[in-house]
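Enquirer: 3D, please:
(2 chains)
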Amino acid sequence: MSELCFFIDHSRCIGCQSCVLACAECDTHRGTSMIHLETIARRESVQTAPQICMHCEDPICARVCPADAIKKTPDGVVQSSLKPRCIGCSNCVLSCPFGVPKYMAEMDQMMKCDMCYDRSSVGKKPMCATVCPSGALTFTAMEEIQRTRRGIPINSWKFGAEEVKTEVYVMVPREVTRVNVDLVQIAPTPAALPEDPYDVAAMLEAVPR
Amino acid sequence: MAKLPIAVTELVRQFGPTLHRVPPGGWPRTGEDEKLVKTHCCFCGQQCGIQLRVRNNKVVGFEPWEDFPFNRGKLCPKGVKRYMQDEHPDRLKSPLQRVEGQGFAPISWDAALERTVNEITRIQQTYGHDAVGMLGGASLTNEKAYLVGKFARVALKTPNVDYNGRLCMVSAAAAAKKVLGIDRSANPWSDITKAAVILAAGANIAECAPITTDYLWQARERGGKLIVLDPRLTPIARNADLFIPVRPGGDIGVFNGMLHLMVERGWIDREFIARHTTGFEQVAETVKKYTPEYAAKIAGVPPEMIIRAAEMWGPAPTSFALHARGIEHHSKGVDNCIAMIQLVLATGRIGREGCGYATITGQGNGQGGREQGQKCDQLPGSRDINCLEHRQYIAGVWGIEEAAMPRAGLPMPRMMEAIHDGKIKGLITICNNPVVSLPDANFVREALGKLGFYANIDFFLSETARYADIVLPGSLMEEDDGTTTNVEGRVIRHRQAVEPPGAARVDWKILCEIAARLGRADKFNYSSPRELFDELRVASQGGVSDYSGMTWERIEENNGLFWPCPSPDHPGTPRLYEGGKFGHSDGKARFFPIEWRPSAEMPDDEYPLMLTTGRVVSHFLSGTQTRRIGDLVDQYPQPRCEMHPRLAEKLGVADGDFVKVESRRGNVVVRAQVVKTIRPDTVFVPYHWPLDRSANNLTVRAYDPVSQIPEFKICAVRVSKAPPPTDPIAQLEVQAGGVR
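Expert: Numbers count the residues shown, from 1 in each chain, chains lettered A, B, ... in the order given. All right, here's what the predicted structure looks like:
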């Protein structure tokens, strides 16, 4: 991979779906979008979150593939399944901690974000990170992101006992060093947050600070 | 006989809107024989740079244009998919004639133009020149906007020419002119990123000006604070430092309340006020009574929010104020804007880096569209049509007698009322869909039914075009050359990528041909849009919006030029009011005492809720274009009525239920969307859809007395649970006004 890196900043996302529509326009994807835009809970808030493939250093999807159909390029990009090899078993779909690979029934094959390999392999930015109006998705140099953002980029995750390192970075507050994802979240909201932070009716009744 | 020739369902079957999803020739592959054309998006006022991929005279896709400084490759979903309008199955490719009982039948250009000219002549000979009206649009290039104004006044000889920017930026334009002296955003967008505090009022930036989001976030990365005023918690409000869920129409409470505290606590720049403004003392007197408690009652929010806003805004070293339709679409729209601009003026934070003010222009060429003379009271160069000196200058450019120049005509909503009253009997429209875009849609449909003759120029058969006697197939943005002026006041180049399809023609040729047949060939003898631009430059010379030093080449070389640009060696003016020099003849800005007043229709026992209308990110204005693009319709297929769970519970409505929203003027039946992100006393319905799904069935024909903008942002409604509609309209596809 070139010295440019992929950064996701969830706090910037406005849910516009430019990434979703532009992904389908990339010549690698030709009409099929490979990116997920999650609307977290529209009743509660307008929070949305884009999810591209995180391109794990040691991709679990490839490890669990019985057909050895998922390959990582020397520059760190984890590819969609190889059509001649993929048996459509969906092991990868079930194993990915980020929920990225999709089994496409009409193609009988697993397809996922390949960072617009036709573009990123020749020095262009992936479609989604080029068009993203809010900068929630950015493809740029590490120094540039460090220079221009308040948060810091990290690429270290822990899912239960499983540690994962990814090519793709997420922007987090400065004190965070790793994203820890519990298998079962017992407390529904961290105690530090107000009970219902985006309820306009509650805001109108409360004294803000 | 401007009535529907056949049933709506049959018109929809023939002319759409239908959905287009795949580029011509299928999904392209890199390296295939194609060219990239650097141009701009056809949609909103940001006018993002984009490269269109063109093969065999067909637009087959896009490539981001990362070198264009405004958006640096960024695009919203509308921009990504705008190219799907080309090669669209609904494109009009032949002139059409209304045939009673049959619909629309193709006719030759010659026959269509002859009929148009005969009807106009007949109406004008019988009822006078004023009996024919012309409606232009703010999606037209500067060249076409200029031509529309000249065409109406020189060829039609009518004062009644206006444009759909009347429904968009006119309150902001009037306020900026009154206070600052110039109708233009005061700063380039790069100044937003350098502001220590940003106040965004009535601006759903994430959905209506998505590219501007990155400018806001850049400011925040540098430690800047963001204050958002909106009845809804919009995506930018989610991460604002202070979100004020103001009651629709309550904005002046916040602004005057802030100014009250700023005066009290000394957060105003008295020296700047003394040197560069007039009228402040009276304003200070007016805001005396706007204590936080008094202001909060008007704004419908806790007083602490107003205090916090003043504390953030007042002492800041740099600041930027942004507003949009949320405070402008009111019967006090101009006053709302003035009250907000005065927060800028009182601090003296304008005319320097990181300090300024802007309205977020909504329409593609909203800025240029109003400068070139298609506005009922303006001549090119933002000149005043009632000013003798201005009239004489433009009459000279056009080669007519000053006495022959019509005076100010009726603004668009008043023109529709004059049509309803039978005073205007003939109408030509271009790029304008009032059936969807004007308030009180039932009244608009009734009005159009009374026209003696109606000619519609457009590229798709819009909901309004269905009422036409003659439809003339025009051109898309990418089918012609020209310029527009973006939200910053930056004049940019739109390049032709392809030829219009079939017998469709570029718009300016259509108008010139009608003018020629009306006996004015000598005044409309252009061979290219560049000639129109060169005449426009002369016409703008010495005016406020002076383009005279610009050429298409200079615009291209500089990635756009900001007006005023009065000479060939002038670099353009990205930032206005530097050194506290304002646009009025004495160089001073003006303060105006602003008192809050109620909206035209406040809720009562019968209609207890406030309706506010607006846009969603995947659609643009009346939807003529975006309701034809598959992915954009999938993203937001049909209008939904947003309401708070507390209200929903009271109404016995669950998320996804159908509800009937009724006002004194009409109703819509749409699905409910139950969300905590809206005030419990307010419901929201987006307005991009026609017929029984048109939010404008509900809105009120109340206008700002100065700007004549309709009060889209508040009217009284009641909401009740309704059974799923099963009538023929409901059974149409969603993009045509059906439900899913």
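Enquirer: any idea whether the nearest residue in space to residue A:77 that is not next to it in sequence is helix, strand or coil?
Expert: Nearest in space to residue A:77, with sequence neighbours left out and distances taken as CB to CB, 6 or more residues apart in numbering or on different chains, is residue A:115 at 5.1 Å. C-beta here means a position set from N, CA and C on the backbone, and glycine is covered the same way. Secondary structure assignment for residue A:115 (DSSP: H, G, I helix; E, B strand; the rest coil): coil.
Enquirer: count of residues packed around residue A:115?
Expert: 30 (other CB atoms under 10 Å in any protein chain shown).
Enquirer: gap between it and residue B:273?
Expert: 54 Å (CB to CB, to the nearest Å).
Enquirer: Also residue B:108?
Expert: For residue B:108, the distance to residue B:273 - CB to CB - is 65 Å.
Enquirer: what about these two, which has more around it?
Expert: The neighbour count for residue B:108 versus residue B:273, taken as other CB under 10 Å, is higher for residue B:273 (21 against 12).
Enquirer: For residue B:587, give its distance to chain A.
Expert: 38 Å (CB to the nearest CB, to the nearest Å).
Enquirer: Please apply the same query to residue B:723.
Expert: 23 Å.
Enquirer: re the thing from before, hmm, the residue nearest to residue A:77 is touching residue A:54, no?
Expert: No - between residue A:115 and residue A:54 there is no contact under CB atoms under 8 Å: 10.4 Å.
Enquirer: wait, what's in contact with the residue nearest to residue B:495 when sequence neighbours are not counted?
Expert: In this structure, residue B:495 finds its nearest non-sequential neighbour in residue B:39, 4.5 Å apart by CB to CB, 6+ apart. Residues in contact with residue B:39 (CB atoms under 8 Å, 6 or more residues apart in numbering or on different chains) are B:49, B:50, B:51, B:52, B:477, B:478, B:493, B:494, B:495, B:497.
Enquirer: Please, which helix or strand holds residue B:39?
Expert: strand B:35-40 (DSSP states H and E).
Enquirer: Tabulate the CA atom coordinates of that strand in CSV.
Expert: Taking C-alpha atoms only, strand B:35-40 is exported to CSV below (Å, rounded to 0.1, in the frame of the first residue of the first chain):
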residue,chain,number,x,y,z
LYS,B,35,-13.1,11.8,-22.3
LEU,B,36,-13.4,13.6,-19.0
VAL,B,37,-15.2,17.0,-19.0
LYS,B,38,-14.4,19.2,-16.1
THR,B,39,-17.7,20.9,-15.1
HIS,B,40,-20.0,21.4,-12.1
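Enquirer: which parts of it are buried?
Expert: B:37, B:38, B:39, B:40 (16 or more other CB atoms under 10 Å in any protein chain shown).
Enquirer: residues in contact with the first one?
Expert: In this case it means residue B:37. B:51, B:52, B:54, B:478, B:495, B:496, B:497 are the contacts of residue B:37 under CB under 8 Å, 6+ apart.
Enquirer: what's the most distant pair in the residues you listed?
Expert: Greatest spatial distance in the contacts of residue B:37: B:51 and B:496, 13.7 Å, computed using CB to CB.
Enquirer: which residue sits closest to residue B:516, ignoring its sequence neighbours?
Expert: residue B:524 (6.2 Å).
Enquirer: got a list of what the residue of the stretch 551-700 of chain B found nearest chain A touches?
Expert: As assessed by CB to the nearest CB, chain A sits closest to residue B:676 within the stretch 551-700 of chain B, at 4.2 Å. Shown in contact with residue B:676 (CB under 8 Å, 6+ apart): A:43, A:44, A:45, A:196, A:198, A:199, A:200, A:201, A:202, B:233, B:644, B:645.
Enquirer: Could you rerun that using 7 Å?
Expert: Residue B:676 is in contact with A:43, A:44, A:196, A:198, A:199, A:200, A:201, B:644, B:645, counting by CB atoms under 7 Å, 6 or more residues apart in numbering or on different chains.
Enquirer: got a pLDDT number for residue 36?
Expert: Answering for chain A, as no chain was given. If you check residue A:36, the pLDDT there is 90.
Enquirer: hmm, I had chain B in mind actually
Expert: 96.
Enquirer: Beta-bridge partners for it, please?
Expert: Counting by DSSP bridges, residue B:36 is bridged to residue B:53.
Enquirer: Am I right that it is in contact with residue B:63?
Expert: Yes - using CB atoms under 7 Å, residue B:36 is in contact with residue B:63, at 5.7 Å.
Enquirer: which neighbours do these two share?
Expert: Contacts common to residue B:36 and residue B:63, judged by CB under 7 Å, 6+ apart, are B:51, B:53.
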